[in-house]
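>>> Output the structure for:
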Amino acid sequence: MLTKEGRRTLPTRTISGQDMFSLDDLAKLFDLTVREDTLAGGLTVNTKGQTIVLTAGQGLASVGGRLVSLPAPPVRDGRTWFVPVDFVSRALAPAAGTRLELRKPSRLILSGDVRVPRVAGSLEPLGALARLTLDVSPSTPHTVAQDGNRLLIKFEAEAIDATLPATTAPEIVQGLRLGDGPVVVIDLGPRFASYKASDMPGDRGAVRIVVEVIAQTTSATPAPGTAAPGTPVTPPTTEPPSLLDLAPAGGLRTVVIDAGHGGEEEGAKGPNGTLEKNVTLSVSRRLKAALEARLGVRVVLTRDGDETVGLDERAAVANNNKADVFISLHANASVRSSASGAEVFYLSLAEYGEEALRVARGESEALPVFGGGTRDIEVILWEMAQARYIEQSAVLAQLVESSLRERVVMSPRAIQQAPFRVLVGANMPAVLIEMGFITNPDQERLLTSETFQGSLVQAVVDSLTRYRDARATERTTGAPVAPRPGGPGAEAPR
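All right, here's what the predicted structure looks like:
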């Protein structure tokens, strides 16, 4: 737990798959009064004049007469009662009238007015330079400075909640780590010459810090810190390769990435406890950074934290941002632990009948307009939005499947159609990617590895590059891009 006064450790215990706090520990830390009603089989917890009522066997808490849900009921072990860690943010915080923010993936509780931004990093080796991208939420004042053979990114905060990549570019960047305090440290390699740092606005009040670490043109140049005093560092004499593969006019400009599940919706769970919602968020952040860096497109995430987002709301994010492509990321599950491989889905229209076919053909309706006369208007129900993009979604699905097949294991049914609700309202080409079976112990380990996630990201970037080029060819030649003969049909969903 982080406060203005410092850090405190609060032990947890796993009971029936749930991380739990002892009420005795919480009572000492937050000055609570806990009373047990043995006849009713419940507990009352008092703090600052407010009462929380808990009942054994029920995943509910009454906070000042208002019911809130808990992921598990309180559990008694001997003379000690345990409550799920979510009790702190869902019940204790409103009762105490103070800020208590629980960040389960980072195992942090933020108490009071403390500034602890989330920092998600990715590192891309790009030939003569290495690009570090840090997505910081919320935007936090910071500085970037060189200190000998290190670059220091210091934040004006009590601490940082950081996820840093293990990827390196040994000749330029030997490693990334957290320093003492709210600092990200970049350990520089022997060919380091100079660096360039810039900030870009991110989504929902975030900021993106981009640090480009540039290599020397020859290996004879002294390593950092060994040059004679006053000797300027010589940057590369040749232009670095083009970093942005910009889209032509009318091409791929905005991509929405949907990290499946989140918040209360944990999704599938692996045998070692890995949660689907955490895997999808990690890959979506990496994919966002890669697409923005390599294709120069605008990328919007339907969620950039552990939050619950409705299925229709996810498609609405894509529609409201006028996205050119919508990609939903998931991890698969099966009762067979041996099931493995990635799968790509696009929407099936079989459930929507003639109305879907009419929309897919692009037919319009003549409606009266103010001043007299009529006008042809495309009136599309939410459930029909994806219908007219089915062919383009099929093309995109094939390209994604083809790129994935080059890098990861695929399921025997690599492309399928299914009536996934998250795709229904998307008013643009849309696909859903099941990245692997999290219920398979081997694939569970892969899904959390940097290497495998990097392969997934590279495959999607390549497929979107091919899709963009195919659309550009269509605009130039006028010939529509269609699925290859023998491509995916309306296979039965899982």
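>>> so how far is residue 294 from the closest residue to residue 450 other than its chain neighbours?
Sequence neighbours aside, residue 166 is the residue nearest to residue 450 in space, at 5.0 Å (criterion: C-beta to C-beta, 6 or more residues apart in numbering). For the C-beta atoms, the positions are set from N, CA and C on the backbone; glycine is no exception. With the distance defined as C-beta to C-beta, to the nearest Å, residue 166 ends up 20 Å from residue 294.
>>> if you count what's nearby, which of those two comes out ahead?
The residue with more neighbours, out of residue 166 and residue 294 and counting by other C-beta atoms under 10 Å, is residue 294; that gives 20 against 10.
>>> which phi and psi does the residue nearest to that one when sequence neighbours are not counted have?
Of all residues beyond its chain neighbours, the one nearest residue 294 is residue 461 (5.8 Å), with distances taken as C-beta to C-beta, 6+ apart. Note on residue 461: its backbone torsions stand at phi -60, psi -50 [degrees, to the nearest 10].
>>> what's the burial count for residue 461?
For residue 461, the number of neighbouring residues by other C-beta under 10 Å comes to 18.
>>> And residue 86, by the same measure?
Once other C-beta under 10 Å is used to define contacts, residue 86 is seen to have 23 neighbours.
>>> And the closest residue to it other than its chain neighbours, how far from residue 83?
Counting by C-beta to C-beta, 6+ apart, residue 71 is the residue found nearest to residue 86 once chain neighbours are left out, at 5.5 Å. Computed with C-beta to C-beta, the distance linking residue 71 and residue 83 is 10 Å.
>>> Between these two, which has more neighbouring residues?
For residue 71 versus residue 83, the count of surrounding residues by other C-beta under 10 Å is larger for residue 83: 25 against 15.
>>> gap between that one and residue 105?
In this view, residue 83 and residue 105 are 20 Å apart by C-beta to C-beta.
>>> now stretch 8-28, how far from the chain's geometric center?
Here the centre of stretch 8-28 is set off from its chain's centre by 28 Å, with C-alpha atoms, centre = their mean, to the nearest Å.
>>> Please identify the buried residues of it?
When burial is assessed from 16 or more other C-beta atoms under 10 Å, stretch 8-28 yields the following buried residues: 12, 18, 19, 20, 21, 22, 23, 25, 26.
>>> Show me the helices in the stretch 1-150 of the chain, by range?
In the stretch 1-150 of the chain, the helices defined using DSSP state H, counting those that start in this stretch lie at 23-30, 87, 93-96.
>>> Let me know which of those is the nearest to residue 279.
If you check each of the helices of the stretch 1-150 of the chain against residue 279 by C-beta to C-beta, helix 87 wins as the nearest, at 25.8 Å.
>>> close enough to count as contact, the residue nearest to residue 86 and residue 87?
No: at 9.3 Å, residue 71 and residue 87 do not qualify as touching, with contact defined as C-beta atoms under 8 Å.
>>> Okay, domains of this structure per the record?
Per the record's domain assignment (automatic domain parsing), the chain is made up of the domains 2-111, 118-215, 254-477.
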